[in-house]
Every structure is written in structure tokens, then in C-alpha cells.
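K.L.:
Need the 3D shape of this:
(chains A, B, C, D, E and F)
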There are 4 protein chains.
Amino acid sequence: MESSQLSEGSQLSESSQKSRKVVVRKAPSQSRSKEKVQNILAAAKSLLASEGLEKLTTNRIAKLAGLSIGSLYQYFPNKQAIIHQLYSDWLQSVRELLREYQASDLEGETPVSIMQTMMDQIYRPHDLDPEESRYEAELNKAMHLYPELQAIDHRHARQIAGILADILRKTGVVATDDVLFQLGLYSYELYGSYEAMLQHEGTSPGLIYEWQKQGLFSIIESYTKK
Amino acid sequence: MESSQLSEGSQLSESSQKSRKVVVRKAPSQSRSKEKVQNILAAAKSLLASEGLEKLTTNRIAKLAGLSIGSLYQYFPNKQAIIHQLYSDWLQSVRELLREYQASDLEGETPVSIMQTMMDQIYRPHDLDPEESRYEAELNKAMHLYPELQAIDHRHARQIAGILADILRKTGVVATDDVLFQLGLYSYELYGSYEAMLQHEGTSPGLIYEWQKQGLFSIIESYTKK
Amino acid sequence: MESSQLSEGSQLSESSQKSRKVVVRKAPSQSRSKEKVQNILAAAKSLLASEGLEKLTTNRIAKLAGLSIGSLYQYFPNKQAIIHQLYSDWLQSVRELLREYQASDLEGETPVSIMQTMMDQIYRPHDLDPEESRYEAELNKAMHLYPELQAIDHRHARQIAGILADILRKTGVVATDDVLFQLGLYSYELYGSYEAMLQHEGTSPGLIYEWQKQGLFSIIESYTKK
Amino acid sequence: MESSQLSEGSQLSESSQKSRKVVVRKAPSQSRSKEKVQNILAAAKSLLASEGLEKLTTNRIAKLAGLSIGSLYQYFPNKQAIIHQLYSDWLQSVRELLREYQASDLEGETPVSIMQTMMDQIYRPHDLDPEESRYEAELNKAMHLYPELQAIDHRHARQIAGILADILRKTGVVATDDVLFQLGLYSYELYGSYEAMLQHEGTSPGLIYEWQKQGLFSIIESYTKK
DNA sequence: AATGAATGAGTCTTCATTCAT
DNA sequence: TATGAATGAAGACTCATTCAT
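P.N.:
I've put the predicted structure just below:
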């Protein structure tokens, strides 16, 4: 019933409703706990996307998540931790995606072809879901507001840059390790700027995307020996 | 830079004290008022650059500006208005710079050569003054924190995009009006992403700058008929 | 010591687990209940000694005692009651010790000799176990924090004072009943101040102890006819 | 005392009302500020004495002091600071008193005579004002609750012990520096225990006082060569 | 106009206690 | 009886804004 508030939007609450009445078997407490955590994160995400960081208070998160403020603090030690989790989850999803590419067979791929594939996969959601775009922009803002979290951001960024550098090297980019790393970092941060640009009214996602690709590929190619 | 503006502040208030008691005849109230406004803006800018948005309180601004909090509210209706002015001023300076180029003799310039010149002029300060960089980043953050202010941002952005589109067209870029406008917007926003990237540790300003230029030029050239 | 009590706690619950499944037949519920109560008290004592009153929360007590917070509230109506029991137990142990002396053959003892013996026995633990000292100090603090508990303290104190008065009288102190009672009270409270003094850095337990004895004996002797 | 200071608060506002209309001369802002600080301290002191440390909240202090919570925080950075000030003030008054004795002509005084004089002066107020007694006991409790404040307490205690040691030495006590210091510390802490004892019902301040003196003098004399 | 003391709603967080399972 | 998730009142503290002087 709590979760119903969170959202009707959330599949989880619906399914758990059903499972309660149909399957009878109580969900293991761990997953119930996970559910709450997910509710909280979903509520925070929703508030972030719809009202922005400034309206993100622990009390509102709790209310939207359908639990009391006290309960919220049973799942997260403080507000920062919630945002951290959100950010961390997002970074991890990106990292995992890139790791798949890194581990995949890159035979026959050019730096441009592989970057193109990856960018298509990562950028695509924004065309479909502008809310996701707003969410990530706010998340980024939040990150800047909590200096402690920047360290994590930097660590992740470096990991991602390392992965990208590796992929670029494997597919034929020739440059010093440092330049490769910088190139990885630049590619990664390009995505951040894409998100920022989308926040502006009047911009055309499609064009921006194409131009970002074109610009990046031009750079990459200048580091590729023919 | 900041401090000069600051001490400027105190000097001003001292001299105005004197002028009250000695002869000189009170400066026209309008200019005295302008002075105060400038003091406030300078203080806000300084705090933004040195301590960040989260430490920017109206009381601190007033103290640093050398006037009372009560007076501050005589010149600005609320905190938002101060930030708005700051942002607006900055945008205007950019706009004016671009308008000069727009009005100048573009004979013999290529789209790339003119963009290169402008970017060098706009990006340069950051290499020289990291504080300016921090300031603009914080300003940008602030902008996002006050959704009401985004409208202004968009209006300015569109004006700038229009100017850039005009310059690009005059120097030989061939595209529909809409694409030209988008290209102007993209160029302008590229600068924002440059600032954002600089906030990350480990990035090399020089490389980023070069790559941004390379990317942009590659795009521009594809719209230039030979 | 604490930890022993602690693991004792868990051991107990383990063994009770077994006894449920094996034969032995469930211990009478009353004694199982007593066991739990003891676990709770031991946990509270441990927390008090190791982390102080301010970190003493019912949830932590329950966790350390190896039972749920809900169960804890089945044995104690509220937090105060736990502290009350702890304090009460401690007072009772002192009372019992003194009653033994009261009941013993005091033939040949002087007021000073018997007080000396008793003080040695009561004060000694602190030299050996500073944790005990900390525990009692925290307990005392707790007592002050719950005004309701002070009444109990006073009742106990009066009982102890009565015993001491009796012992003093039996061993030859000559004074009105009231003065004897006050003397008993004073002797008892002297111990409290001993504990308090130990909390200060730089104090020498040995010297304090000797001085307290010397002072007290000087008083007692002035009430003893030769 | 408490009530006088408190009602002093109301009196002051009344009198300032008058002074506004009669004397016209506005009280210097510094003293107005001091007045507020005194109001706050008086309110805190009153709450401490009447309801105890546990009921001492910043909001209640503010309300009792007749100002808003926001104002309170304009005069004190946090709750601890208020208590610190209270404690510090009290310690300072003791220290100053002792310093006077230290600086005075001790010719002809014996250790016992001077201690007697000082104790009479320090202990006396409690006979007159039981509220003062409660206040100091609560203050002491508070001190234990804020570990950070204990450092200050210890420093003060050492200063006082040093003064007392000096006085004792000057008046003829013969012992090593360390023992003298310990003796000073013991004497000082004796007072703390006196306060603690007074909190117990049924104790007779007069008797306790006499006994404490008798005990202390007996100790001191054992360190005095005849 | 200037001042700056005063305001108080709003923020995060804790923890004793309850109650559905 | 046992569990432990849930509760929410309460506390410390902040800061944009107002208003008496």
C-alpha cells in the first residue's frame, strides 16, 4: 500500500501485490528490504527528475517512497548516501556496458565503428525518455554539490577512461598512454556535455548527437595510422 | 581580480563617507546606487569563485560588500536576483564580444578562422585565471538551481546562437536557417562543456581545447562548400 | 570482561536453541525468561562501560543481547527500567555486602577497623578493573538523567546509611541516631565522590583512596569515646 | 538568583521601554548584545536548575530568554557553547576567588585556617540557595555529557589545583610538588562531591560541610611539620 | 536610506516505542 | 512469544527575508 504511492509506476509494487495474494509465499525478507531500498531510490530519482535537486529533501523522498522518515534512515545512513547510490548505480551501468565491449571480440572493428556502436547504445535512451535526461543532469548537479562524492566520480571516470583507452588502443589508435587516457576521459565527458546541452530548450538531440560523433571521430582518426 | 574588486568596494564606501561630510556634493544618487550594486555583485562573484554556491548566503554577500543585509535588499529583491544579474552580465559580455565580430569586416575570413579567433579569445582567460573558471562553473550550477533563471539563460543562448549563425553564414557556411541556428547553439554550448570538463581532475585543458576545436571545425567544414 | 559477558549472551541463546530441539525439555519458562533478562542487563552494562550513556540505545542493547528489540520490550517496559534494574542490582550488591558485615561478629572491631575492611573490599575492584569504574560512573550519570530514578536511589541510600549507622553504633560510635544516620550516608556517598574523582585525569587513585579513608576515620574517631 | 536574572530580563525590557521615552539615549549596542547573551545564559541556567539537563533544548532556552531560535544562534554558535560559557563562568569565578587568596598576605595563616576561610566563602552560597546547588550539579552533569568540554574542565581543574598547591605550600604544608598538586586537586574535587551529596535527600549540608573540612584538615595536618 | 537584530519555516537526523506478521 | 520494520515526535541548526529604529 505504501508502494502504491511510490508509484503505480513501479512494476515491482504491482507484482509484489499480486504475489502476496496469489503465490502466498512471503517474499524473502532480503528481497523485501531490497524492494524498500529500490522504492527509496525510485522516489529520489523521480523527485530529482521532476522537481530538481533543490526540492529533494529526505522527508519528501520518504513520503513519496511511501514510508516514514524513520524507515528511510534504516535503509540509508543519510541523504548523501541515497544520492551516492543513485550516482554509483548509474556509473556502474555505464562501466559494465563498456566492460562488455572491452571483453568482446574487437577483431575487425575500427575505433570509430566501436565508438559509434557504444554511443548509439548509451545515448539512445535520451531520445526515448527526456525524463531520464533531466534525471542524469540533476544527478550530475548533485554530485557537484557534495564534494565528498566527487572523489567517487573521479575514480569512476578514471576507470571508464581506462576502459575506453584500452578499447581505442586495441582497435588501432596510436598514441602515448597518457594521450589515450585523456582521450578516454574526453569521450566519457563528452557524454556529460551531451546531457547538459539537452537541458537547453531548442536544441535538437539528433543533431547534437551527430555532431558530437563527428567531432570525436575526427579526433580519433587523427590518432589512427592508416 | 576578486580581491581588487573587493577592496574597491571598501574604498568606495569610505570615499562616499567623506564626500558626505566634505563638500564635493553628494554624488548623484543614481551613481551611488550603481556603486552599491556593483559592490554587491563583486562580493557575490568573489564568494562564488572562492567558496562555491553552497556557501553563498545573502548575509555573507552583504558583509563582504561592505553594507548591511538590509541595504542589500534595497538593491535586489532577493538572492535569486543577484545571481540572475551576475549570469546576465556574463552572458552580455559574451554577446557583446560576439557582436563585435558580427559587426566587423569578415572579408577573407573562413568559418574556421573566425571561430578559432573567437574561441581563443573566450577560452584563453581560463588558462590564465582558474578562478574565473571556477566562477563560471559555479554560476552555471546556480543557474540550474533556480529553474526560473533558466528561461533567461535560454533567451540569451538563443541570441548568441543567432549571432553565431549569422557569422557562420557570412563566412561561407551553407545550411538551412535552422541548422545554422543549431550550429550556433552547439558552438556556444561547447564552451559550457569545456568549463564542466575542467572541473574534473586529471583533465588537460590544452588537449581538451584543441580537441574541441578540431571537432567543431570538422563539423563546420562539412557545411562549407568548397 | 564485557566481551565475555557478551559472548556469554550468544552462547546462552545458542544453547537454548539446542535445548529446544534436543531432549532436555524446555527449561521452565521462568528461568528462560530470567536468562533473557540477564542477557539484556549484561548487554546494557557492557555498552555503558564501553561506550557511555549517550550511546546506550535500546536497539543496540537488544542487538548486543542477541534478541530483537520487540522482545526486549517484553522484558522491560522501557529503557529507564533497564537502567533502573542495573542500578538497583548494583545497590543491592553493596547492601548485601554491608548486611553481611552487619550480621557478622563485630566483637573486637573498632569503627575504623571495620570501615577500613569494608572500604578495601568495595574500592579494590576499581584498581583492578577500570572498566568497572567507568561503568559505575556512567550508571551514576544515567541516574541523574532520569529524575524518576533518583527516588529509588535515595531509598537505597537510606537503607545503606541505616546499615552503616548500625555497624558504626555497634562498634562503638556514640552519637544521636540522626548523626549516626548522617554519618552512614556520608560514608556511603564518599564512595560516589571517589568514583567521580577517578574520572578526572591526573588524579592518583591510591592517594585519593588513602585521603578519603584518613578523612573519614578522623571524623569517626571524633565520635568515638576512648 | 535565577529568577532574579530572568525577571531581570523582563525588567530590562520594561526599563528600556522607559529609557526610550525618558532618557532617550539608546544603550550602546554592545551592551544590548551583552544583555541578550546574559538573557540566554540566565535562561539556560534557570532551565538547568529547574528542569535539568535533559530538558535543556535550544528552543526552550530561546523561548525562555524571550527571543527566537534564530537569534539565539546569533549569539552562540551551538548548544555546547552555551553550556561551556556557563561552566567557564563558574570556574572562572572560583579561580578568581582563589587567586585573590593566593595574592593576599598569607602571613600568619596556617594551611587549615586559610582553607577554612576559603571553603566558608565558597560553600556558603549553597546553604542560602539550594537552587544554586542544583544548578551546579546539573552543570557538572552536562560537562560529563560533552566530552569536548572535559578538556576545559581538566585545564581549569589543574589551574585551580596549582593555585591551591601554592597556597598550601606558602602556608607551611611540606610535601613534594606532586603531592602538593594532588592535594590541591583533591581539595578542589571535594567541592564537587559536596555538591553531589547535596543532591541526595536527607543529607544535612551543615554536617557534610563540617565533616569535609574535618577530613581535609586531618589530611593537611599530616603534611604539616610542627 | 541604512542598519542589523530578529524571525521562523524548513532541513537533516535520532531513537524510544509499537505492531503486523 | 518472537521479530524487526515502521513510526514520528523532537532536537540542533541554517538562512532568506523583514522591520523597528
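K.L.:
Could you list the low-confidence segments of chain A?
P.N.:
Applying pLDDT under 70 to chain A flags the ranges A:1-30, A:126-128, A:226.
K.L.:
where does the nearest residue to A:Thr58 once chain neighbours are set aside sit relative to D:Thr110, distance-wise?
P.N.:
Among residues not flanking A:Thr58 along the chain, A:Lys79 sits closest, at 5.1 Å (Cβ to Cβ, 6 or more residues apart in numbering or on different chains). (C-beta placed from N, C-alpha, C; glycine too.) Distance, A:Lys79 to D:Thr110, by Cβ to Cβ, to the nearest Å: 65 Å.
K.L.:
secondary structure element for the residue of chain A found nearest DNA strand F?
P.N.:
Distances from chain A to DNA strand F, computed as Cβ to the nearest atom of the strand, single out A:Gly70 as the nearest residue at 1.6 Å. A:Gly70 belongs to helix A:69-75 when assigned by DSSP states H and E.
K.L.:
What residues does chain A have near chain B?
P.N.:
A:52-54, A:137-138, A:141, A:144-145, A:153-154, A:157-158, A:179, A:182, A:185-186, A:189-190, A:192-193, A:196-197, A:199-204, A:207-208, A:211-212, A:214-216, A:218-219, A:222 (Cβ under 8 Å from any Cβ of the partner chain).
K.L.:
Mind checking which of those residues are buried?
P.N.:
A residue is treated as buried here by neighbour count (16 or more other Cβ atoms under 10 Å in any protein chain shown); on that basis the buried members of those are A:52-53, A:137-138, A:141, A:144-145, A:153, A:157-158, A:179, A:182, A:185-186, A:189-190, A:192-193, A:196-197, A:199-200, A:203-204, A:207-208, A:211-212, A:215-216, A:218-219.
K.L.:
For the residue in chain A positioned nearest to chain C, grab the count of nearby residues.
P.N.:
Closest contact between chain A and chain C, by Cβ to the nearest Cβ, is at A:Gln74 (10.2 Å). Counted with other Cβ atoms under 10 Å in any protein chain shown, the burial measure for A:Gln74 works out to 12 neighbours.
K.L.:
and it, what does it touch?
P.N.:
With contacts defined as Cβ atoms under 8 Å, 6 or more residues apart in numbering or on different chains, A:Gln74 is in contact with no residue.
K.L.:
Now name the helix or strand holding the spatially most central residue of chain A.
P.N.:
Most central in chain A under Cα atoms, centre = their mean is A:Trp90, positioned 2.8 Å from the mean C-alpha point. According to DSSP H and E, A:Trp90 maps onto helix A:79-103.
K.L.:
Distance check, the residue lying closest to A:Leu149 once chain neighbours are set aside against chain B.
P.N.:
Closest residue in space to A:Leu149, ignoring its immediate chain neighbours: A:Met143 at 5.3 Å, by Cβ to Cβ, 6+ apart. Per Cβ to the nearest Cβ, to the nearest Å, A:Met143 is found 10 Å from chain B.
K.L.:
so A:Met143, which of the three states?
P.N.:
For A:Met143, the secondary structure call by DSSP: H, G, I helix; E, B strand; the rest coil comes out as helix.
K.L.:
separation between it and A:Val179?
P.N.:
Summarising the geometry, the distance separating A:Met143 from A:Val179, computed by Cβ to Cβ, is 26 Å.
K.L.:
Over to A:Gln150?
P.N.:
The value you get for A:Gln150 to A:Val179, if Cβ to Cβ is used, is 24 Å.
K.L.:
For whichever strand or helix holds A:Ile114, buried residues please.
P.N.:
When elements are defined using DSSP H and E, A:Ile114 is found to belong to helix A:111-128. By neighbour count on 16+ other Cβ under 10 Å, the buried set for helix A:111-128 is A:Pro111, A:Val112, A:Ile114, A:Met115, A:Met118, A:Met119, A:Tyr123, A:His126.
K.L.:
what helices or strands is that helix leaning on?
P.N.:
helix A:79-103, helix A:130-145, helix A:147-170, helix A:177-199, helix A:205-222 (3 or more Cβ pairs under 8 Å, 6 or more residues apart in numbering or on different chains; DSSP states H and E).
K.L.:
and the last one, what other elements does it pack with?
P.N.:
Just to be clear, that refers to helix A:205-222. Contact analysis of helix A:205-222 by 3+ Cβ pairs under 8 Å, 6+ apart lists helix A:111-128, helix A:177-199, helix B:177-199, helix B:205-222 as its packing neighbours.
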